[in-house]
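[1] coords below, sequence missing:
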């Protein structure tokens, strides 16, 4: 540690008052720096009043919450930056990952501890967790206790640190980089700025010193050199003050034992955080480390109201209700106003109405402001107390073009096996021209795919599967082909084409030259070209593999986190085992980077793909006749083969697979009947649909409402109405009644009246899918359901939701997402038209959707299924008033 003023050095390891620390800091600063720091410290700081454990089992004071393993590492995607000891600071989650970790800057796929025990001691105002690394039979006890201006965090070992973890195991706490961009820190009196872009020192160490990552994978491509990167600390010392100039982000951390180190995790991974760390000493037991963590709290802090409204605007006739999210210490105003902006730049109050208190939900209070009576076309904003929203529109055509960015830009960018250009920009070259390899047996992939003990194909493990470099889309922010999602997208696009007849042409797509040009018409409906593109890949799977696969994805973890041009995720050359790694003969390569096809056969996937191809054959007739004929032939074959597989497999023992596989064939039967008019499909559909409209009598998974099962089957049931007799529709009405009861129950559960949140993944997809079901019900039974249930869902997506009021659709609405978890997320950017998952629940009560940090996929990752559904809903809501 660098030398300091003796008095500073003496008290840096003890618990002295803050003002003594400030005196020592001032000795290190210039006159100008002293003025700045003292202004903020003495005018804005009141290190938080005593934190108390609340009924939700986290520490709470006004403006400060400290969560201690309210959220745990799930193991599915390892370190998702949503677990451990966490800090919610003035309404923003700024710290996470407080735990004993084995790396200076843990990456997503590094080993994570499980929670062996968690005890909440209300009497002593503390929480204690036992963390376990089973790989090393290593337990540590982390205790968090409220004290004075913050918390004490201590680490205790009952057994000495395992020898192989010496110099590796330490106490970490991670801070969100975007919360500290353009801010300073002070380590033992020495000031510095947080780097906007990673620029710290690193060093290389031999691979035998690296702590293994998940299942032996590695996130680092060392090019065969047997080494790895280790970030060096930005600063070391005993006392660290983060953001002393910003009272909302100021945190003081002091180590009473070991040395503090500050790291920048972005040297290894763009999604890394700033990490504060102290190593655990070796050959010792008992309490080994203690930190004091003191977050500043603004006196009498109250979170600003979040006024939720649609950033896209409203049609004159629909309901217009803003939902106002309020701090629990806030007192709601009795009224709010709607103001209109005139052509000369003035604003006129057009309506003043009551603010009606809804009540409490999770951590906030809610009220509503209804301005439905205003129907005049114009530009408006809402004024509530001192808060003024941005502007929005009331007009008959507000929904007319809201899906254009999604179809024009987002989907073309996701197109696999194609070069995609937009004006002066090339989004990516033609990727994955190396086809794919047969995945090995009994393999669990890090992204959830699995191979069983047979390939179910004619190919041997690692054998090349030819003719697969055609069609398809990147599934989401990564670059895999997920067959289930492809079925969803193609089927949704077919519904859009048949239900709404959209023939927009703004994209040039040439399959022969593998070239896509955005904003360039080519005389063909874009939606048909996208249907063709997805169908090409599905048919290729059926014809070259024999059946639809679970997915096609890169094998190496260092490829999986690839950001940038998809064409460079592999070398685009077929794998040749006769060549050495990184060696090429110009036609093939010895680098084993080709994507793997996970081919274990599932009857559910066969039925789903049969439905998609049967529908595709119908709409592609006259557009691509050859593909239409092949689609229908494969659809018929898949149905027959899936039926035989189901007979052999019987009732699956896994309740989840049994639940999702229940009635998997009904959509295939309906689509085959709609296409062929063969009565045998309609008869079998009618036999099964009524069973599916009843919730299962047994084996229902916890947390699922019976209405979920009804809603899941209502769409195909309603789509069948034009092909059935009057008695069918009359009988279907009973199921609609039960479905209506289920959505009315949801309407009462939160102020938005929608299924809005989930742990691990935001709820906007559920909102969109339920709105689509409501649309089908409304079109078939307009007397049974109010179309406002559809408008309400659209309003939510466009800004009437918790945490913020931005539109969850990139580049749609006055204010929309600034960042998203797309393949350009390293640039803190978005791809226009993508819809993000939205607010995610962090237990027990914190809903979050960050718009300054794109790397939380559960909040910000756009998927092809979600974006296709958004286009359908956009067309549906636009059609409602016609």
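    In hand now; what should we look at? Fair warning: this is a prediction, and the values are worked out from it, not measured in the lab. Numbers count the residues shown, from 1 in each chain.
[2] Pick out the residue nearest the middle of the chain.
    The residue lying closest to the centre of the chain (C-alpha atoms, centre = their mean) is residue 858, at 2.2 Å.
[3] Spit out the contact partners of that one.
    By C-beta atoms under 8 Å, 6 or more residues apart in numbering, the contact list for residue 858 reads 80, 82, 760-762, 837, 840. Every residue, glycine included, has its C-beta placed from N, CA and C.
[4] For it, what is the enclosing helix or strand?
    helix 857-860 (DSSP states H and E).
[5] Also residue 770?
    helix 764-780.
[6] quick one: that helix to chain centroid distance?
    With C-alpha atoms, centre = their mean, to the nearest Å as the basis, helix 764-780 stands 21 Å off its chain's centre.
[7] Following element in sequence after it, please.
    helix 788-797.
[8] And that following helix, what does it pack against?
    helix 764-780, helix 864-879 (3 or more C-beta pairs under 8 Å, 6 or more residues apart in numbering; DSSP states H and E).
[9] Recalculate using a threshold of 6 Å.
    Applying 3 or more C-beta pairs under 6 Å, 6 or more residues apart in numbering; DSSP states H and E, we find helix 788-797 packed against helix 764-780.
[10] Report the rounded mean pLDDT for the helix it packs on.
    Mean per-residue pLDDT for helix 764-780: 96.
[11] again with stretch 425-433
    98.
[12] What residues sit buried inside it?
    427-433 (16 or more other C-beta atoms under 10 Å).
[13] what does that stretch contact?
    413, 417-420, 469, 514, 565-567, 572 (C-beta atoms under 6 Å, 6 or more residues apart in numbering).
[14] Please flag which of these sit within helices.
    Applying DSSP state H to those, the entries found in helices are residue 413.
[15] May I see the contacts of stretch 425-433 organised as TSV, with pLDDT added?
    Converted to TSV, the contacts of stretch 425-433 look like this (pLDDT from 0 to 100):
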residue	pLDDT
413	98
417	98
418	98
419	98
420	98
469	98
514	98
565	95
566	95
567	96
572	96
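[16] what sits against residue 355?
    Here residue 355 is in contact with 332-333, 335-336, 367, 369 (C-beta under 6 Å, 6+ apart).
[17] Out of those residues, which end up buried?
    With neighbours counted using 16+ other C-beta under 10 Å, the contacts of residue 355 contain these buried positions: 332-333, 336, 367, 369.
[18] sorry, back to before: quick one: which of the contacts of stretch 425-433 sit in strands?
    Assigned to strands by DSSP state E, the following of those qualify: 419-420.
[19] Please spell out the ChimeraX selection for the buried subset of the contacts of stretch 425-433.
    Restricted to buried positions by 16+ other C-beta under 10 Å, the ChimeraX selection for the contacts of stretch 425-433 reads:
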select :413,417,418,419,420,469,514,566,567,572
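[20] Could you export the contacts of stretch 425-433 as CSV, including distance to residue 126?
    Formatted as CSV, these follow (distance: C-beta to C-beta, whole Å):
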residue, distance to residue 126
413, 50
417, 57
418, 57
419, 59
420, 55
469, 58
514, 61
565, 50
566, 49
567, 53
572, 56
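[21] element containing the closest residue to residue 462 other than its chain neighbours, please.
    Distance criterion C-beta to C-beta, 6 or more residues apart in numbering; nearest residue to residue 462, sequence neighbours excluded, is residue 437 at 5.3 Å. Taking DSSP H and E as the criterion, residue 437 maps to strand 436-438.
[22] That strand pairs with which strands?
    strand 464-465 (antiparallel), strand 596-598 (parallel) (DSSP bridges).
[23] Only the buried residues of that strand, if you could.
    By neighbour count with 16+ other C-beta under 10 Å, strand 436-438 contains the buried residues 436-438.
[24] just curious, which of these is nearest to residue 359?
    For those, the minimum distance to residue 359 (C-beta to C-beta) is 53.3 Å, reached by residue 436.
[25] So what's the residue count around residue 454?
    Residues lying near residue 454 (other C-beta atoms under 10 Å) number 11.
[26] Give me the local confidence score for it.
    With respect to pLDDT, residue 454 has a value of 96.
[27] Then residue 605?
    96.
[28] Low-confidence stretches in the protein?
    1-49, 75-76, 650-662, 695-709 (pLDDT under 70).
[29] If you count neighbours, what's buried in the longest helix seen in the chain?
    As assigned by DSSP H, the longest helix anywhere in the chain is helix 625-649. For helix 625-649, a neighbour-count test (16+ other C-beta under 10 Å) marks 627-628, 630-632, 634-639, 641-642, 645-646 as buried.
[30] wait, which of those residues is closest to residue 486?
    residue 631 (13.0 Å).
[31] Would you work out how far apart the start and end of stretch 209-229 are?
    Length of stretch 209-229, first residue to last, C-alpha to C-alpha, to the nearest Å: 11 Å.
[32] try stretch 745-759
    Start-to-end, stretch 745-759 (C-alpha to C-alpha) is 21 Å.
[33] Stretch 458-471 too?
    23 Å.
[34] just to revisit the earlier point, turn the strands paired with strand 436-438 into JSON lines, columns for mean neighbour count and distance to residue 871.
    Shown next, in JSON lines, are the strands paired with strand 436-438 (neighbours: other C-beta atoms under 10 Å; distance: least, C-beta to C-beta, whole Å):
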{"stretch": "strand 464-465", "mean neighbour count": "20", "distance to residue 871": "31"}
{"stretch": "strand 596-598", "mean neighbour count": "26", "distance to residue 871": "28"}
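[35] Please tabulate these in TSV and include distance to residue 756 as additional columns.
    What follows is those, written out as TSV (distance: least, C-beta to C-beta, whole Å):
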stretch	distance to residue 756
strand 464-465	42
strand 596-598	33
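[36] Residue 406 is nearest to which of these?
    That would be strand 596-598 among the strands paired with strand 436-438, by C-beta to C-beta, at 28.4 Å.
[37] Nearest to residue 592 among the contacts of residue 858?
    Closest to residue 592, out of all of the contacts of residue 858 and judged by C-beta to C-beta, is residue 80, at 28.2 Å.
[38] Without its sequence neighbours, what residue ends up closest to residue 417?
    residue 469 (5.2 Å).
[39] With residue 309 instead?
    residue 322 (4.5 Å).
[40] The one you found bridge partners, please.
    Assessed by DSSP bridges, residue 322 has beta-bridge partners residue 369.
[41] Would you check how far apart it and residue 376 are?
    Distance, residue 322 to residue 376, using C-beta to C-beta, to the nearest Å: 17 Å.
[42] higher neighbour count, the two?
    Comparing residue 322 with residue 376 by other C-beta under 10 Å, the one with more neighbours is residue 322, at 23 against 10.
[43] I'd say the more buried one and residue 370 touch.
    No - applying C-beta atoms under 6 Å, one finds residue 322 not in contact with residue 370, separated by 8.0 Å.
[44] can you give me the strands for the stretch 251-400 of the chain?
    Secondary structure of the stretch 251-400 of the chain (DSSP state E, counting those that start in this stretch): strands located at 251-255, 260-264, 274-279, 286-295, 306-308, 321-326, 335-341, 347-361, 364-370, 378-384, 387-388, 392-394.
[45] Can you lay out these as CSV showing distance to residue 168?
    Formatted as CSV, the strands of the stretch 251-400 of the chain follow (distance: least, C-beta to C-beta, whole Å):
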stretch, distance to residue 168
strand 251-255, 18
strand 260-264, 13
strand 274-279, 8
strand 286-295, 14
strand 306-308, 42
strand 321-326, 43
strand 335-341, 56
strand 347-361, 43
strand 364-370, 41
strand 378-384, 52
strand 387-388, 49
strand 392-394, 53
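[46] Indicate which one of the ones you listed is closest to residue 741.
    Comparing the strands of the stretch 251-400 of the chain under C-beta to C-beta, the one sitting nearest is strand 347-361, at 21.6 Å.
[47] ok, what's across the strand from the closest residue to residue 186 other than its chain neighbours?
    Nearest residue to residue 186, sequence neighbours excluded (C-beta to C-beta, 6+ apart): residue 241, at 4.5 Å. Taking DSSP bridges as the rule, residue 241 bridges to residue 186, residue 252.
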